[in-house]
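Undergrad: Build me a structure from this.
(3 chains)
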Amino acid sequence: MKLPVEYYQNENVTDIARHLVGKRLVTGLNKQLTSGIIVETEAYSYRERGCHAYRGMTPRNEVMFGQGGVAYIYLCYGIHHLFNVVTHRAGYAEAVLIRALEPCAGEDVMMARTGSPLDRITSGPGKLTKAMGLTTALNGIALTANTVWLEDDGWHGQTLARKRIGIDYAGHDAHLPWRFVMKANRWVSR
DNA sequence: TACGTGATCACG
DNA sequence: GTGATCACGTAA
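TA: Model prediction:
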């Protein structure tokens, strides 16, 4: 069951990040279906220094300022495309970074896209976008369409909160427990 | 632990 | 224009 646009417009981005663990991310690019269960997420808000939107709107982060339910995809370190789900209403720039997946379907396609063995293609935010075919060309795309979307897979289990990774520049906000991981899942990054 | 990588952004 | 920076991944 595909998540409806209302799901993304909740005003509490950490609640969404927590509850996206266990959901299924699906892409249907070039008639090739690939999917994976989300096992790791991070929440970002314009209210804290870890977020691209903390210092206001720029050309890169513009879609974060629109309404929830679209993809925010940007290039990181010149190499990696990172995939986020935009949340909240227009004007409130918040998003959830998808950091790791447990492959679910289309593993052969994922391996062809990455040239890597299955056990190391989706356990990190830069790796999973390559496996799923997500690039900045899809920035701003609606998650209610049939290209990239999320589904409720009926999973319910234990989700743990941790510090976010790779945002030491954010000062005390780097310590916020806004990273969510599926307990005891081997696909979680690092 | 170190560093490649190139778009992005805040300066002028 | 220019230079510092960066929500990573890999090798070692």
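Undergrad: helix/strand/coil for the residue nearest the centre of chain A?
TA: By C-alpha atoms, centre = their mean, chain A has its centre lying nearest to residue A:98, at 2.2 Å. Recorded secondary structure, residue A:98: strand (DSSP: H, G, I helix; E, B strand; the rest coil).
Undergrad: Next: residue A:102.
TA: Under three-state DSSP, the three-state class of residue A:102 is strand.
Undergrad: So it sits against residue A:121, correct?
TA: No. Checked against C-beta atoms under 8 Å, the pair residue A:102 and residue A:121 is beyond contact range at 11.1 Å. Using the backbone N, CA and C atoms, a C-beta is placed for each residue, glycine as well.
Undergrad: What residues sit buried inside stretch A:35-47?
TA: A:35-46 (16 or more other C-beta atoms under 10 Å).
Undergrad: One more: stretch A:56-68?
TA: A:61, A:63-68.
Undergrad: So is it next to DNA strand B?
TA: Yes. Counting by C-beta under 7 Å from any atom of the strand, DNA strand B is contacted by stretch A:56-68 at A:56, A:58-61.
Undergrad: Take the residues you listed and write them to JSON lines, including secondary structure and distance to DNA strand C.
TA: Output for the residues of stretch A:56-68 next to DNA strand B, formatted as JSON lines (DSSP: H, G, I helix; E, B strand; the rest coil; distance: C-beta to the nearest atom of the strand, whole Å):
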{"residue": "A:56", "secondary structure": "coil", "distance to DNA strand C": "13"}
{"residue": "A:58", "secondary structure": "coil", "distance to DNA strand C": "12"}
{"residue": "A:59", "secondary structure": "coil", "distance to DNA strand C": "13"}
{"residue": "A:60", "secondary structure": "coil", "distance to DNA strand C": "9"}
{"residue": "A:61", "secondary structure": "coil", "distance to DNA strand C": "7"}
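Undergrad: Which residues of chain A lie near DNA strand C?
TA: A:42, A:44, A:50-53, A:61, A:64, A:72, A:76-80, A:82, A:84, A:95, A:97, A:116, A:120, A:124-128, A:165-167, A:169, A:189.
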